[in-house]
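Peer 1: Any chance you could fold what I've pasted below:
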Amino acid sequence: MSLPRQLRDESDFDQLPNDVPISATVADIEEKKGFIVYYQFVIEVKNKGGSKYLIYRRYRQFLTLHQSLELKFSPETQMATYSCTLPTLPGKVFMGKKQEIAENRIPELNTYMKKLLSLPTYVLLEDVVRMFFYQSESDSQQIPRTLRRLRPPTRRVKTVKTKPDLLSSPRAEAMFDFSATGKLELSLRAGEVIFLLRRVNADWLEGTVRDRTGIFPLSFVKIIKPLPESDSEGEGKTSSGKMGPPAGSYSCLRCYLHQGQDIETRDVCVEEELSTQPAYSDLLTLMREVFKLEDIALNYRDPEGDLVRILDDEDIELMVVEGRRHGSAVKRPVNQFPWQLHVTLASDLSVYSTEF
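Peer 2: Numbering: from 1, shown residues only. Model prediction:
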């Protein structure tokens, strides 16, 4: 009898920890607006102890998990101490609408997770597997929107729209017109009343007007009735006791556009964690949308203050590492990335201290 088979036979399922996942089903997909628009899968997990909870995962997290398991358990790798046949993960799709791609992946991912959780117990006890299905603090703080795949088909949901109380709701009046530059932002017209939802950071608020919700700069409005103190700070304490952004808040990226002697500063808010390392292609696409320019180059400042051009994901990694290393010395809002982007015209080499 092979050692992997023997290990599985000798393992007593009843002796496994209660937090080991035994089933997982995609309940829905949700659109997120990060460095690019993407979809995450809302997954209902059931563990051996009988508990159910929701986790939120992107396709690339499935891919990272699968690649880690291939390195450790695939019969083809020399690193495999024990081997087993892993389920097939649906491959990357490079063409098509993102929502349709995500929808089409749901049955394939359900099959993948079902087969994965049927593998020998030594696979289920792997840290990468347990952490993938673990409900993190971020997962527990998210509020699912529909969970339509878990809803019985005969159930009818009645939506009741309520009008805000004009006298008691936190609100502000737009003093100037504001044109949104991204999908997260809320366009305003001077004189409009905006009902406030929360403070994103010291400079941005989130609110609703004309049945639309988004973020807008505080400097464009006059506060009529402020948010409650608990919602107006835009900050909370993390588990380590340090100040940090509240659950579900946006992270802000400070970026600069250099054109000759002119420098335009822009804060771009995205639904990404501050620890996220973006892809070069995603940042390039985002900056083209923000500044409405195509032929641009991305850069960051090194510790000496010189601009360094970014050409690929490895350069992004260097920028993030440098930002985290020196970011603590710079005072900035708690939800602002420790690294900053400097955007220049691709043909402009005069901004560099040395030529390429």
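
Peer 1: Where do the helices of the protein begin and end?
Peer 2: 3-10, 59-73, 98-116, 121-124, 127-132, 137-141, 229-232, 280-291, 313-326 (DSSP state H).

Peer 1: out of those, nearest to Ile36?
Peer 2: Smallest distance to Ile36 across the helices of the chain (C-beta to C-beta): 4.6 Å, for helix 280-291. Where C-beta positions appear, they are placed from N, C-alpha and C, glycine not excepted.

Peer 1: for that closest one, packing partners?
Peer 2: On a contact count with 3 or more C-beta pairs under 8 Å, 6 or more residues apart in numbering; DSSP states H and E, helix 280-291 meets strand 251-259, strand 262-270, strand 296-301, helix 313-326, strand 341-345.

Peer 1: comparing those, which gets the lowest mean pLDDT score?
Peer 2: If you rank those by mean pLDDT, strand 262-270 sits at the bottom with a mean of 85.

Peer 1: Check which residues of it are buried.
Peer 2: In terms of neighbour count (16 or more other C-beta atoms under 10 Å), strand 262-270 has its buried residues at Arg266, Asp267, Val268, Cys269, Val270.

Peer 1: For it, give me every contacting residue.
Peer 2: Identification of contacts with strand 262-270 by C-beta atoms under 8 Å, 6 or more residues apart in numbering yields 33-35, 181-182, 184-185, 200, 203-204, 215, 250-257, 286, 290-291, 336.

Peer 1: roughly how far apart are the residue nearest the centre of the chain and Arg325?
Peer 2: Among the residues of the chain, the one closest to the centroid is Glu272, at 3.5 Å (C-alpha atoms, centre = their mean). Separation of Glu272 from Arg325 (C-beta to C-beta, to the nearest Å) stands at 20 Å.

Peer 1: buried set for the longest strand along the chain?
Peer 2: Among the segments of the chain that qualify as a strand by DSSP state E, the longest is strand 21-33. Of the residues in strand 21-33, Pro21, Ile22, Ser23, Ala24, Thr25, Val26, Ala27, Asp28, Ile29, Glu30 count as buried by neighbour count, 16+ other C-beta under 10 Å.

Peer 1: Distance-wise, check the second one relative to Lys114.
Peer 2: Remark: distance between Ile22 and Lys114 (C-beta to C-beta) = 10 Å.

Peer 1: can you pull the contacts of the residue nearest to the centre of the chain?
Peer 2: Going by C-beta under 8 Å, 6+ apart, Glu272 touches Gly34, Phe35, Ser251, Pro278.

Peer 1: I'd like the helices and strands packed on helix 280-291 written out as CSV, with distance to Tyr352 added.
Peer 2: Putting these into CSV (distance: least, C-beta to C-beta, whole Å) gives the following:
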stretch, distance to Tyr352
strand 251-259, 11
strand 262-270, 15
strand 296-301, 8
helix 313-326, 14
strand 341-345, 9
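
Peer 1: Those: which one's closest to Ile101?
Peer 2: For Ile101, the closest of the helices and strands packed on helix 280-291 is strand 262-270, at 20.6 Å, according to C-beta to C-beta.

Peer 1: That closest one pairs with which strands, parallel or anti?
Peer 2: If you go by DSSP bridges, strand 262-270 pairs up with strand 251-259 (antiparallel).
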